[in-house]
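**Q** Fold the following and give me the result.
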Amino acid sequence: MGSMIAAAAACAMAFFAATAVAFGADAARGQQLWESRCFGCHALDADRVGPRHRGVVGRKAGTVPGFAYSPAVQRSGIEWTTAMLDAWLADPQGLVPGQRMNVRVAASEDRADIIAFLARESAKR
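**A** Residues are numbered from 1 along each chain as shown. Purely as a prediction, here's the structure:
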């Protein structure tokens, strides 16, 4: 069962990555944006002020072992799909009132590129 879920998640991430490229999302630009806007609090493979990001696409919110999430994120029930990541980056407080991330990404193109980068890196787990 676990391998079926992992395979489905990998297919979903590959589909998003292909779709993102088809619609112009740029993972390389997303990496640059992520490094300039997100790296102050996040890393790909280690928890910092925020939780690690590798594997975020497809992960249930609030489930990185050992990370001290806000109660709001833990109760959210969110799965980090590309659509949910887009909503989160656009307005974290609007999506999950009481969460602790104080950063928004206003431009939809920037969000798409960051999400394309996260999807690419999530597929490398």
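
**Q** how about low-confidence regions in this structure?
**A** 1-23 (pLDDT under 70).

**Q** in it, which spans are helices?
**A** Here the chain has its helices, by DSSP state H, at 2-22, 27-37, 71-75, 82-90, 92-95, 108-122.

**Q** Keeping just the C-alphas, turn the fourth one into CSV.
**A** Taking only C-alpha atoms (Å, rounded to 0.1, in the frame of the first residue of the first chain), the coordinates of helix 82-90 have been written out as CSV:
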residue,chain,number,x,y,z
THR,A,82,0.4,22.4,-6.1
ALA,A,83,-2.9,24.2,-5.8
MET,A,84,-2.7,24.3,-2.0
LEU,A,85,0.9,25.6,-2.2
ASP,A,86,-0.3,28.3,-4.5
ALA,A,87,-3.0,29.4,-2.1
TRP,A,88,-0.5,29.2,0.8
LEU,A,89,2.1,31.3,-0.9
ALA,A,90,-0.5,33.9,-2.0
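
**Q** Just give me the residue closest to the centre of the chain.
**A** Residue closest to the average C-alpha location in the chain (Cα atoms, centre = their mean): residue 56, at 4.7 Å.

**Q** OK, contacts around residue 117?
**A** Residue 117 makes contacts with 27-28, 30-31, 33-34, as judged by Cβ atoms under 8 Å, 6 or more residues apart in numbering. Every residue, glycine included, has its C-beta placed from N, CA and C.

**Q** Wait, residue 74 touches residue 64, no?
**A** No: shown here, residue 74 and residue 64 do not form a contact pair, counting by Cβ atoms under 8 Å, at 11.0 Å.

**Q** ok, now how distant is residue 113 from residue 55?
**A** According to Cβ to Cβ, to the nearest Å, residue 113 stands 19 Å off from residue 55.

**Q** okay, the two: which has more neighbours?
**A** residue 113 (24 against 20; other Cβ atoms under 10 Å).

**Q** which residues sit in contact with that one?
**A** 25-27, 29-30, 33.

**Q** Likewise for residue 43?
**A** 52-53.
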